[in-house]
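J.: kindly generate the corresponding structure for this input.
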Amino acid sequence: MAFETYIISWNITKRCNLRCVHCYLDASYLTGDVTDELSTVECFRVIDQMAEVNPKAVLILTGGEPLLRRDIFDIGKYASDKGFLTVLGTNGMTITEGIAKKIKENGIKGVGVSLDSLNSERHDTFRGIKGAWDNTIKGIEEIKKVGIEFQIQTTVTKENYDEIPSIIDFAYKTGARVFNLFFLVCTGRGEELTDISAEQYEDMLSYVYKIHDNFSGMMIRPKCAPHFKRIAYQSDPNSSVLSGYIGGCRAGTNYCRITPEGNVTPCPYMPDSVGNVRNKSFVDIWWNSDMFKNLRQPEYHGKCQECEYKLLCGGCRARASASNNDYMGDDPWCLYKPAEGEKKIINLETVVKYGLDDKVDSEDIIWTDDALKFLENIPFFARAIAKKGVEKHAREMGYKTITMETMKEAREKRAGKIKFRS
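T.: Just a heads-up that it's a prediction; the model follows:
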């Protein structure tokens, strides 16, 4: 397996206009000290270095609140011009018509907006500021007006657990391209929070699997939940859900986080720094960190090492670290009991190319070179689903060859469906 970067999450600032109770960064409210944050020039240099590893990676510019950085559009444009698929992770509260246009004009391809309840008071309490819900919804509307694809992101807690089906339905009707369901890792300001139970965790993942095909045009992705792959495989080893995944937790293997001060960690929920980009190149950190090497050739401890799903799932390394102070230890939120005796180790090597294994999906459909090249630039997690959707459109229209025009038609057809949802 190639261990190039697929996703880089960059906490571009620690400043924020909210006081979220679960914030893993423990972000500062508005007036926080930013003197130690990477400068614009330093950010450009790091982007150059990241491009040496993989210039087509998904780069998430988040915070804190990234829109509080005055140079955020300069950074976003520089990254997009380098070839990164650049997106913003925001609370959406400051997005006006003008800001939305700037996002689009500077090559930022998508926006992820956090929404934790359909009850405005509950959302505001969770986010720590009155009026947060109203301003976030206004921000989403402005994003939609300028035609930027967006995703809605929800952290599941005891308080909103029963609300998740309604939030998913809301995201779909609102026109979200993706719904990300985050499972709390108790770090940062959320260290003292009580998570949902392991039983609720398993039940929610099973629910998400059952409904994943019910929302045409919107992906539903559990985050910080590698167990989802085990649940999908147990339900159907050939499930289309698995085509968007590689086996195991992605922390330090194809995914990492950069803090506002330049520390590189395996993921946002693992605070252990493996190096700082101010005194070591990102390339050196990515390829030579001992911690990253351990995560890429995992020798787990305890139950995870004995499990037949250790390559497919492997447990959440951040949750293992937060709970046991051992990033290679057991994930305490896993209820599965490994099979006893000799067992077949389950892996997903056959889908690692995400639908790009050949140009001809079947005897009746052929992709042109330019259409296939465009497909390659779609984020890896959406590529197989996008390919499936375009091929379905081609068959419905009686096309034998998929061209760029075919892809445009399929996209416009999907956009039309979203526009008229009721």
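
J.: what pLDDT, on average, does the lengthiest strand in the chain get?
T.: For the chain, the strand with the greatest residue count under DSSP state E is strand 149-156. Strand 149-156 shows a mean pLDDT of 94.

J.: before we move on, what about stretch 215-225?
T.: For stretch 215-225, the mean pLDDT works out to 89.

J.: and if you look at stretch 259-278?
T.: 95.

J.: low-confidence stretches in the stretch 1-150 of the chain?
T.: Along the stretch 1-150 of the chain, segments meeting pLDDT under 70 span 1, 19-33.

J.: which parts of it are strands?
T.: 7-11, 15-16, 28-29, 58-62, 85-90, 110-114, 149-156 (DSSP state E, counting those that start in this stretch).

J.: as a markdown table, those with distance to residue 399 would be great.
T.: Every C-beta, even on glycine, is put in place using the N, C-alpha and C of the backbone. Listed next are the strands of the stretch 1-150 of the chain as a markdown table, based on distance: least, C-beta to C-beta, whole Å:
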| stretch | distance to residue 399 |
| --- | --- |
| strand 7-11 | 33 |
| strand 15-16 | 48 |
| strand 28-29 | 54 |
| strand 58-62 | 30 |
| strand 85-90 | 27 |
| strand 110-114 | 28 |
| strand 149-156 | 25 |
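
J.: of all the ones you listed, which lies closest to residue 206?
T.: Closest approach to residue 206 among these is made by strand 149-156 (13.4 Å; C-beta to C-beta).

J.: so where's the stretch 301-422 of the chain uncertain?
T.: 349-363, 377, 379-385, 413-422.

J.: which other helices and strands contact the longest strand of the chain?
T.: strand 110-114, helix 132-145, helix 164-174, strand 178-183 (3 or more C-beta pairs under 8 Å, 6 or more residues apart in numbering; DSSP states H and E).

J.: what sits up against the first one?
T.: It refers to strand 110-114. For strand 110-114, contacts defined as C-beta atoms under 8 Å, 6 or more residues apart in numbering pick out 60, 62, 85, 87-92, 95, 103, 127, 136, 139-140, 143, 148-155, 177-178, 180.

J.: mind doing that once more with 6 Å?
T.: 87-89, 91-92, 140, 143, 148-153 (C-beta atoms under 6 Å, 6 or more residues apart in numbering).

J.: check which residues of the longest strand of the chain are buried.
T.: Neighbour counts over strand 149-156 (16 or more other C-beta atoms under 10 Å) mark 149, 150, 151, 152, 153, 154, 155, 156 as buried.

J.: partner strands of that strand, with direction?
T.: Next to strand 149-156 in the sheet, as set by DSSP bridges, lie strand 110-114 (parallel), strand 178-183 (parallel).

J.: mean neighbour count and distance to residue 12 added to those strands, as CSV?
T.: Listed next are those as CSV, based on neighbours: other C-beta atoms under 10 Å; distance: least, C-beta to C-beta, whole Å:
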stretch, mean neighbour count, distance to residue 12
strand 110-114, 22, 14
strand 178-183, 22, 19
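
J.: can you tell me how far residue 55 is from residue 252?
T.: According to C-beta to C-beta, to the nearest Å, residue 55 and residue 252 sit 20 Å apart.

J.: report the residue ranges of every domain in the protein.
T.: Here the domain parsing of the chain from automatic domain parsing is 7-196+249-296, 353-419.

J.: any idea which of these is most buried?
T.: A comparison of the domains of the chain by mean neighbour count, using mean count of other C-beta atoms under 10 Å, puts domain 7-196+249-296 on top with a mean of 19.

J.: re the thing from before, out of the strands paired with strand 149-156, nearest to residue 172?
T.: Nearest of those to residue 172, taken as C-beta to C-beta: strand 178-183 at 7.4 Å.

J.: what mean pLDDT does the closest one get?
T.: Computed over strand 178-183, the mean pLDDT rounds to 93.

J.: and that strand, how far from the chain's centre?
T.: Offset of strand 178-183 from its chain centre (C-alpha atoms, centre = their mean, to the nearest Å): 8 Å.

J.: just the CA trace of it, in PDB.
T.: Once non-C-alpha atoms are left out, strand 178-183 reads as follows in PDB (Å, rounded to 0.1, in the frame of the first residue of the first chain):
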ATOM      1  CA  VAL A 178     -22.000  14.900   2.000                       C
ATOM      2  CA  PHE A 179     -23.200  14.300   5.600                       C
ATOM      3  CA  ASN A 180     -20.300  13.600   8.000                       C
ATOM      4  CA  LEU A 181     -21.200  12.000  11.300                       C
ATOM      5  CA  PHE A 182     -18.400  12.500  13.800                       C
ATOM      6  CA  PHE A 183     -18.100  10.300  16.800                       C
END
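
J.: next, the angle helix 164-174 makes with it.
T.: In terms of direction (axes from the mean of the first three to the mean of the last three C-alpha atoms, to 10 degrees), strand 178-183 departs from helix 164-174 by 160 degrees.
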